[in-house]
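1. here's my sequence, what's the structure:
(2 chains)
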Amino acid sequence: MSGVKQIAAIIKKDMIAELRTKEMVVSMFLFVLLVMVAFKYAFGDSDNFSTYAGGLLWVAFLFTALLGLNRSFVHEKDEGCLEGLLLAPVDRPNIFFGKMIGNIIFISVVEIITIPIYIVLFKLSIQGSIALFAGAIILSNIGISTVGTLLSTVSINTKMRDMLLPLIFLPVILPVLAAAVVSTGGIMAGVTGEKLVNVFSAMKLLIAYDILFLLVAYALYDFVIGE
Amino acid sequence: MNRATELLEKEKNEKDLNPIPEVEVKKLSKTFGKRKVLNKISFELEKGGFLSLFGPNGAGKTTLIKIIATLIAPTSGEIRVAGMDPTKNSAVIRAKLGLISHSPLLYLDLSAEENLQFYGTMYSVPNLNERIDELLDQVELGHRRYDLVRTYSKGMTQRLAIARALLHKPSILFLDEPHSGLDPHAVDIFESLLDNIRAEHTFIMITHNIERGLALCSKAMILYNGQIVFYQGKEELDIDMFKSIYRQRVKGDS
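-> Purely as a prediction, here's the structure:
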């Protein structure tokens, strides 16, 4: 029970700090908005934009998530707070789950605001199930946050942390990118039949990926956050 | 008195005479890559003792404290904290430790109360709100409890850091250059708090302040290049020898 309270306290602490500073969500939001405007200039009048709309959206979200993930441990490093947290009798995976859930919330908030803007800007629509679309996004966010939180913990203790995270994060996250594009792209296009099977296969891949990396993080976090 | 009672009595007397040291370090070494930061360090600190740890930057003082605090593992050697092995009982040991460092270990965008609530939850402190009230009164910050730490002066931040370190009533306190950056008022509060809690805590203090370090300690140690070059109890402390070694090793290096 104290483990759940500790995870909740870490999430609450991050939320309060973010509500006061607004530095993470606002910078993520502005970044993704600028990327969308750049896409509009580059592909705005393209007839077949809807075929690669999902891919571009997730490329934008991945780089936006990177911005947030890079910042996620900076507050912990400031004034030695990470050391204070590590000195407490907290199971290391609880620190991971607290930070990871916080990252999911931040990424999701940015997506909730920007997806409608993206749809309006490029005259798109979600022709499939909205619930399925939301499910695919949540599964993708879990994957991004799990791997991102784990790897940002690795990079925070290095001198080149801003450079290192993208270099180690992007290769590992490619399966999520592919599955997120197939699933959300398919749902937006309202595919049926065999293509709908592909959507479900992509979502199953996301579930498997999320479970695998949650287990990896649970098993390795003590070591990763230690020395 | 029968034989069993006699044996129990004898064992109790032996324990009273030779209590388990609060911190026991035997031939402890730590290597980072090819660099040997600690080299076969051995010492004991009794319960209620106060070890003042001196040495130049890079001598291994912080590494030693981090190993005792279970934050990093030693490369070789043995260590016992409150009779327990940190590699097997790290969470139990961490619950007994507090750290007052020159970094406050506080979240600047949270208020004093939010910081203490957060750390109190991490340590599962019972009756947390009462404990927070008590500590904020002790460090004279009750009137600023809802203000963000970012708005505090250095002295106020350090006083809050003291409250944070004492929140869970630790039995061993690490003080890592605790006087650094403190204004005279904060030093007074800090020293009076230290006096109040002196009897029920064991202290290990890293300091460059010889006068304060020697005044407070029950044992003094100088670390140099990962080795103990001076280690004496206060009763037998040879201050001239201490100062001569300190000058040679520490001042000569800086």
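2. helices or strands up against the helix or strand of chain A with the lowest mean pLDDT?
-> Ranked by mean pLDDT, DSSP states H and E, the helix or strand of chain A with the weakest confidence is helix A:74-77, at a mean of 81. Contacting helix A:74-77 under the criterion 3 or more Cβ pairs under 8 Å, 6 or more residues apart in numbering or on different chains; DSSP states H and E are the following elements: helix A:81-87, helix A:130-156. Using the backbone N, CA and C atoms, a C-beta is placed for each residue, glycine as well.
3. now the top helix by length along chain A: how far from the chain's centre is it?
-> Ranked by number of residues, the top helix in chain A under DSSP state H is helix A:194-225. Distance of helix A:194-225 from the chain centroid (Cα atoms, centre = their mean, to the nearest Å) equals 13 Å.
4. now do it against helix A:130-156: the angle between them, please.
-> 30 degrees (axes from the mean of the first three to the mean of the last three Cα atoms, to 10 degrees).
5. is helix A:194-225 anywhere near chain B?
-> No: under the criterion of Cβ under 8 Å from any Cβ of the partner chain, helix A:194-225 makes no contact with chain B; the nearest approach is 9.4 Å.
6. follow-up on the earlier one: for the least confident helix or strand of chain A, give me every contacting residue.
-> A:D14, A:A17, A:C81, A:L82, A:L85, A:I156, B:Y107, B:D109 (Cβ atoms under 8 Å, 6 or more residues apart in numbering or on different chains).
7. kindly report the same for stretch B:115-128.
-> With contacts defined as Cβ under 8 Å, 6+ apart, stretch B:115-128 is touched by A:2, A:5-6, A:9, A:12-13, A:84-85, A:88-90, B:95, B:106-107, B:110, B:131-132, B:135-136, B:149, B:160, B:163-164, B:167-168.
8. which ones among those residues lie within strands?
-> Members of these lying in strands (criterion: DSSP state E): none.
9. select only the buried ones of the residues you listed in ChimeraX?
-> Selection of buried members from the contacts of stretch B:115-128 for ChimeraX, criterion 16 or more other Cβ atoms under 10 Å in any protein chain shown:
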select /A:6,9,12,13,84,85,88,89,90 /B:95,106,107,110,131,132,135,136,149,160,163,164,167,168
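10. rewinding a little: which other helices and strands does the longest helix of chain A contact?
-> Looks like helix A:194-225 contacts helix A:92-121, helix A:130-156, helix A:161-189 (3+ Cβ pairs under 8 Å, 6+ apart).
11. just want the angle from it to helix A:161-189.
-> Using the same axes, to 10 degrees: helix A:194-225 against helix A:161-189 is 160 degrees.
12. list the buried ones in helix A:194-225?
-> Buried-residue list, helix A:194-225, by 16+ other Cβ under 10 Å: A:199, A:202-203, A:205-206, A:209-210, A:213-214, A:217-218, A:220-221, A:224-225.
13. check the residues you listed against B:E44 and report the nearest one.
-> Lowest distance from B:E44 to these (Cβ to Cβ) belongs to A:I225, with 30.5 Å.
14. ok, now which ones touch that closest one?
-> Neighbouring residues of A:I225 by Cβ under 8 Å, 6+ apart: A:L86, A:R92, A:I95, A:F96, A:T153.
15. need those in a markdown table (columns: neighbour count, distance to chain B and pLDDT).
-> Converted to a markdown table, the contacts of A:I225 look like this (neighbours: other Cβ atoms under 10 Å in any protein chain shown; distance: Cβ to the nearest Cβ, whole Å; pLDDT from 0 to 100):
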| residue | neighbour count | distance to chain B | pLDDT |
| --- | --- | --- | --- |
| A:L86 | 20 | 6 | 92 |
| A:R92 | 21 | 10 | 93 |
| A:I95 | 24 | 9 | 95 |
| A:F96 | 24 | 14 | 96 |
| A:T153 | 22 | 15 | 92 |
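16. can you put the helices and strands packed on helix A:194-225 in TSV and add distance to A:M24?
-> Shown next, in TSV, are the helices and strands packed on helix A:194-225 (distance: least, Cβ to Cβ, whole Å):
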stretch	distance to A:M24
helix A:92-121	6
helix A:130-156	12
helix A:161-189	14
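17. relative to A:F61, which of those helices is closest?
-> Comparing these by Cβ to Cβ, helix A:92-121 comes nearest, at 6.5 Å.
18. what is that closest one packed up against?
-> helix A:2-21, helix A:23-43, helix A:49-72, helix A:130-156, helix A:194-225.
19. and that helix with helix A:161-189, angle?
-> Using the same axes, to 10 degrees, helix A:92-121 lies at 50 degrees relative to helix A:161-189.
20. need the max-distance pair from the contacts of helix A:74-77.
-> So, the contacts of helix A:74-77 by Cβ to Cβ: farthest apart are A:I156 and B:D109, at 18.1 Å.
21. and A:L212, what does it touch?
-> Contacts of A:L212 (Cβ under 8 Å, 6+ apart): none.
22. okay, it and B:P178: tell me how far apart.
-> To B:P178, A:L212 is 45 Å away according to Cβ to Cβ, to the nearest Å.
23. helices of the stretch 151-254 of chain B, start to end?
-> Counting by DSSP state H, counting those that start in this stretch, the stretch 151-254 of chain B has these helices, from start to end: B:154-166, B:184-197, B:210-216, B:239-246.
24. for chain A, find the nearest of those helices.
-> helix B:154-166 (7.4 Å; Cβ to the nearest Cβ).
25. now the closest one: buried residues?
-> Going by 16+ other Cβ under 10 Å, helix B:154-166 has these buried residues: B:G155, B:M156, B:T157, B:Q158, B:R159, B:L160, B:A161, B:I162, B:A163, B:R164, B:A165, B:L166.
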